[in-house]
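Novice: okay, sequence plus prediction incoming.
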Amino acid sequence: MWRAIAFALSLLPLQATAQGAPSSERSAILTIVPERLYDETRAGKTVEERAEEASRALMAENRRIEAELEAEERELTQKRDTLPPDQFRTLADAFDAKAERIRDEQDAKSRRIARMREQDRQLFVQAAIPVLAELMHREGAVAILDRSSVFLSFDLLDVTDRAIRTVDEKLGDGATIFERPAAEPGTP
């Protein structure tokens, strides 16, 4: 394994300086930190802000519904002593069915928000690929690797900061990528 690593490093078109680091800024292989690229670009932040906004709206809706259900449950509990058992049981069963239906609906909304976030993330990646390919071409590289999967590299091979700037220049806040309006709790 070590021979393969040494051989791969010997293939890189880099010259060593006195400190042992490459002196050339060009390399056939570049690395990025994909999570930073996503988290620190304006378009990536747009995805997260949209999902967080939809999540906050859903949580507010859930709190409102919970308060309404609690009030309805208190009212139903007060009727327990004044109604015949079979009539109360019918009302209680209807309330339970309503609460279960609402819980299912709210869970479905939460899943839609998660799907929207994942779809937007995929749209971001699809839009970023040509930008990264352009950066790779400009740098004279043949590949960009995920830095976490690289066993050993020089820091100058990491182009994450340049990639973030380039993606921000080309994609901005991602408005052209994510054309649908921000999700509301009922319609993500």
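Specialist: It's in. Note that the structure is predicted; figures quoted are calculated from it, not measured. Numbers count the residues shown, from 1 in each chain.

Novice: following the lowest-mean-pLDDT helix or strand in the chain, which helix or strand comes up?
Specialist: Ranked by mean pLDDT, DSSP states H and E, the weakest helix or strand in the chain is helix 2-11, scoring a mean of 42. Downstream of helix 2-11, the first helix or strand assigned by DSSP states H and E is strand 29-32.

Novice: run through who's touching that next one.
Specialist: Defining contact as C-beta atoms under 8 Å, 6 or more residues apart in numbering, one finds that strand 29-32 is touched by 12, 132, 135-136, 139, 141-147, 150, 153, 157-160, 163. Heads up, the C-betas are built off the backbone N, CA and C, glycines and all.

Novice: which parts of that strand are buried?
Specialist: 29-32 (16 or more other C-beta atoms under 10 Å).

Novice: hang on, the earlier thing: out of the contacts of strand 29-32, which sit inside helices?
Specialist: 132, 135-136, 139, 160, 163 (DSSP state H).

Novice: name the nearest of those relative to Asp81.
Specialist: Ranked by distance to Asp81 (C-beta to C-beta), these are led by Thr160 at 67.3 Å.

Novice: who's in contact with the closest one?
Specialist: 31-33, 36-37, 147.

Novice: state the distance from it to Leu83.
Specialist: 67 Å (C-beta to C-beta, to the nearest Å).

Novice: Gln126 too?
Specialist: Relative to Leu83, and taking C-beta to C-beta, Gln126 is found at 59 Å.

Novice: of those two, give the one with the bigger neighbour count.
Specialist: The residue with more neighbours, out of Gln126 and Leu83, is Leu83; 14 against 10, by other C-beta atoms under 10 Å.

Novice: shouldn't the more buried one be within a helix?
Specialist: No: if the criterion is DSSP: H, G, I helix; E, B strand; the rest coil, then Leu83 is coil and not within a helix.

Novice: that one contacts Thr90, correct?
Specialist: No: look at Leu83 against Thr90 with C-beta atoms under 8 Å: they stay out of range, at 9.2 Å.

Novice: check whether Gly174 sits in a helix, strand or coil.
Specialist: Per three-state DSSP, Gly174 ends up coil.

Novice: got phi/psi on it?
Specialist: Backbone torsions for Gly174, taken as degrees, to the nearest 10, come to phi 90, psi 10.
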